[in-house]
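**Student:** Can you look at this prediction? I've put the sequence above it.
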There are 2 protein chains.
Amino acid sequence: MATGRTHRPATRSRGIPEATVARLPLYLRALTALSERSVPTVSSEELAAAAGVNSAKLRKDFSYLGSYGTRGVGYDVEYLVYQISRELGLTQDWPVVIVGIGNLGAALANYGGFASRGFRVAALIDADPAMAGRQVAGIVVQHSDDLEKIISDNGVSIGVITTPPGVAQQVCDRLVAAGVTSILNFAPTVLAVPDGVDVRKVDLSIELQILAFHEQRKAGEEHEGAVAPVAAHRDAGEQGPDGDVPAVMPA
Amino acid sequence: MATGRTHRPATRSRGIPEATVARLPLYLRALTALSERSVPTVSSEELAAAAGVNSAKLRKDFSYLGSYGTRGVGYDVEYLVYQISRELGLTQDWPVVIVGIGNLGAALANYGGFASRGFRVAALIDADPAMAGRQVAGIVVQHSDDLEKIISDNGVSIGVITTPPGVAQQVCDRLVAAGVTSILNFAPTVLAVPDGVDVRKVDLSIELQILAFHEQRKAGEEHEGAVAPVAAHRDAGEQGPDGDVPAVMPA
DNA sequence: ATGTCTTTGTGAACGCGTGCACAAAGATGG
DNA sequence: CCATCTTTGTGCACGCGTTCACAAAGACAT
């Protein structure tokens, strides 16, 4: 039944939407839990509930990977675990370096979920000579002087930055120059990287500030029945250099 | 199955777009740095570069605040710092509890950027009796039996969960029942919460998996010739339930 | 005051992501 | 072999977010 029908061009299958990629790890986690309970198949509705998403969204996400479901039955758990793992590149081993072995860096090195699937802490690097030689999570900390050699020798392409913000950019530059093309940044800094290098940031204070915003709005809605977010009454008298209160937006 | 709504319809009608809210902390950080260097004014172009975003986007973001720029000049740094801080609710103090004082929880407690602006670690809570009484980051760890009282006494509305995934949901339930309405979840679990409670998650392994996906794609594009990644899902022939494809996981 | 120059604020177009609703596909039972 | 039932896969519409491009607004020089 293959011939005659112009199937979906393969060019599309290459481009999985970014939003879908971000959800694949979520599905994979839920599927792994099902697999450990020896559940053979799962419907989109059940899996969606477990992953906390809409079932239509889940089906559409999977449709980008191909047709792996069976109508009337659902998805084969083991098969789907394998497919998603392969799509995410977790069937191979990714050596990772952590730069900056302070409180956070050490915590990440000890983090179980790190080495669980696909990722392996290849090296810990710190700029403090007193740290070099000490063991953290069973791994010897190496000095940052050897950063380039460590990256090269281990074929590292993913780097985790847990340094103070002041040195994050230069650490990043050295990582990139040494061959790292993916960076997970925990330092509260905007990193500038050349084209072709991916950066994802994890920023505690940004997350808290976003929560604070919503929290404030909830508190405001409780007291004031009417919505008066801005321009209710502003006391800019003691703040602005200009000193006067700007008029309310007309439109 | 406890299907609480994990996500809610986002911002209200008159509210600031969620994407904008997520960027405000970024702007605030850049502006604070300028303020410390005593820079009086800044243009949207300069500030956008410092925050790593498009200048048009930045201007539109500020327009939602009722932006107070001066055409031909730019934005007054101090004034903008104040406006954004107020909008984010950082002019008041937010007591925060951290539940789960393991490696990660302790690292967060020691994290400087935590108490820097607006946030204060009101209590550290752990279920291990051996932890109770010990000091972490100068704060005495309290036992989780007293969780409700701690939340209530300190007026805590923001909770940080750094427990193992197995107990995260029940910790979450207790936090919410005690009055917490914003949760920052570091445990690799999907949390179900009632309406009106905000949850943001920080998940190391998800971030790494997303990076791995892009990394794999980069590696694949290099070769370009002998790549057979999905091997073409061309109608899949007889895609039996457990046929040709090895459902093996490198677990 | 007037003209020029700089930069903001925003209308409009576009693309992406989401969710509904339903036809197609396969399982299942008689 | 046919009817029915379940669940997938997806066309479509809608809303949000991003970006372009430009008129409006103010600073500044003459």
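**Tutor:** Everything's here; your move. Numbering: from 1, shown residues only, chains lettered A, B, ... in the order given.

**Student:** List the buried residues in stretch A:176-194.
**Tutor:** A:176, A:178, A:180-191, A:193 (16 or more other C-beta atoms under 10 Å in any protein chain shown). C-beta: built from backbone N, CA, C; applies to glycine.

**Student:** hang on, I meant stretch A:200-207
**Tutor:** Within stretch A:200-207, judged by 16+ other C-beta under 10 Å, the buried ones are A:201, A:202, A:203, A:204, A:205, A:206, A:207.

**Student:** what comes into contact with the host helix or strand of the fifth one?
**Tutor:** Just to be clear, that refers to residue A:205. Assigned by DSSP states H and E, residue A:205 belongs to helix A:204-223. Residues outside helix A:204-223 that contact it (C-beta atoms under 8 Å, 6 or more residues apart in numbering or on different chains): A:188, A:227, A:229, B:15, B:21-22, B:24-26, B:28, B:87-90, B:92, B:94, B:96, B:108, B:111, B:113-114, B:116-119, B:157-158, B:181-184, B:196, B:198, B:200, B:202.

**Student:** among those, which are in strands?
**Tutor:** Among these, the ones falling in strands (DSSP state E) are B:94, B:96, B:119, B:158, B:182, B:183, B:184, B:198, B:200.

**Student:** Might one say that the fifth one is in contact with residue B:159?
**Tutor:** Yes - taking contact to mean C-beta atoms under 8 Å, the distance of 7.3 Å between residue B:182 and residue B:159 places them in contact.

**Student:** which ones are touching residue A:132?
**Tutor:** A:126, A:141, A:142, A:143.

**Student:** okay, the buried residues of stretch A:200-207 in TSV with distance to residue A:58 and pLDDT next?
**Tutor:** Conversion of the buried residues of stretch A:200-207 to TSV gives the following (distance: C-beta to C-beta, whole Å; pLDDT from 0 to 100):
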residue	distance to residue A:58	pLDDT
A:201	27	97
A:202	25	97
A:203	28	95
A:204	30	94
A:205	32	95
A:206	28	96
A:207	25	97
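
**Student:** in the stretch 51-200 of chain A, which spans are strands?
**Tutor:** A:69-70, A:74-76, A:94-99, A:119-126, A:135-136, A:139-143, A:158-161, A:182-185, A:198-201 (DSSP state E, counting those that start in this stretch).

**Student:** Pull out the buried members of the contacts of residue A:132.
**Tutor:** A:126, A:141, A:142.

**Student:** Return the member of those nearest to DNA strand D.
**Tutor:** residue A:126 (35.0 Å; C-beta to the nearest atom of the strand).

**Student:** Can you tell me how far that closest one is from residue B:211?
**Tutor:** As for residue A:126, its distance to residue B:211 is 22 Å (criterion: C-beta to C-beta, to the nearest Å).

**Student:** And for the closest residue in space to residue A:174 that isn't next to it in sequence, the neighbour number?
**Tutor:** In space, and not counting its chain neighbours, residue A:174 is closest to residue A:147: 5.6 Å by C-beta to C-beta, 6 or more residues apart in numbering or on different chains. Number of residues near residue A:147 (other C-beta atoms under 10 Å in any protein chain shown) recorded here: 23.

**Student:** Equivalent analysis for residue A:67, please.
**Tutor:** Residue A:67 has 12 neighbours, counted by other C-beta under 10 Å.

**Student:** how far does the helix or strand residue A:49 falls within sit from the chain's center?
**Tutor:** Assessed by DSSP H and E, residue A:49 sits inside helix A:44-51. On the basis of C-alpha atoms, centre = their mean, to the nearest Å, helix A:44-51 sits 21 Å off its chain's mean C-alpha point.

**Student:** Please identify the buried residues of that helix?
**Tutor:** A:44, A:46, A:47, A:48, A:49, A:50, A:51.

**Student:** if we look at DNA strand D, which of the residues you listed are close to it?
**Tutor:** residue A:44 (C-beta under 7 Å from any atom of the strand).

**Student:** Turn the buried residues of helix A:44-51 into TSV, columns for pLDDT.
**Tutor:** Shown next, in TSV, are the buried residues of helix A:44-51 (pLDDT from 0 to 100):
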residue	pLDDT
A:44	98
A:46	98
A:47	98
A:48	98
A:49	97
A:50	98
A:51	98
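
**Student:** between the buried residues of helix A:44-51, which is closest to residue A:79?
**Tutor:** residue A:47 (13.1 Å; C-beta to C-beta).

**Student:** and the gap between the closest one and residue A:208?
**Tutor:** 31 Å.

**Student:** coming back round to it: now do the buried residues in the helix holding residue A:205.
**Tutor:** A:204-217.

**Student:** for those, which one is nearest residue A:78?
**Tutor:** Top of the list for closeness to residue A:78, among these and by C-beta to C-beta, is residue A:207 at 34.9 Å.

**Student:** Tell me who's in contact with residue A:106.
**Tutor:** With C-beta under 8 Å, 6+ apart, residue A:106 has these contacts: A:136, A:137, B:103, B:107.

**Student:** and if you look at residue A:86?
**Tutor:** Contacts of residue A:86 (C-beta under 8 Å, 6+ apart): none.

**Student:** and chain A, which residues reach DNA strand C?
**Tutor:** Near DNA strand C, when you scan chain A using C-beta under 7 Å from any atom of the strand, you find A:17-20, A:53-54, A:56-57, A:59-60, A:70-73, A:249, A:251.

**Student:** that older thread, make TSV from the strands of the stretch 51-200 of chain A and add distance to residue B:34 to it.
**Tutor:** As requested, the strands of the stretch 51-200 of chain A are arranged in TSV below (distance: least, C-beta to C-beta, whole Å):
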stretch	distance to residue B:34
strand A:69-70	53
strand A:74-76	52
strand A:94-99	27
strand A:119-126	30
strand A:135-136	36
strand A:139-143	34
strand A:158-161	23
strand A:182-185	21
strand A:198-201	20
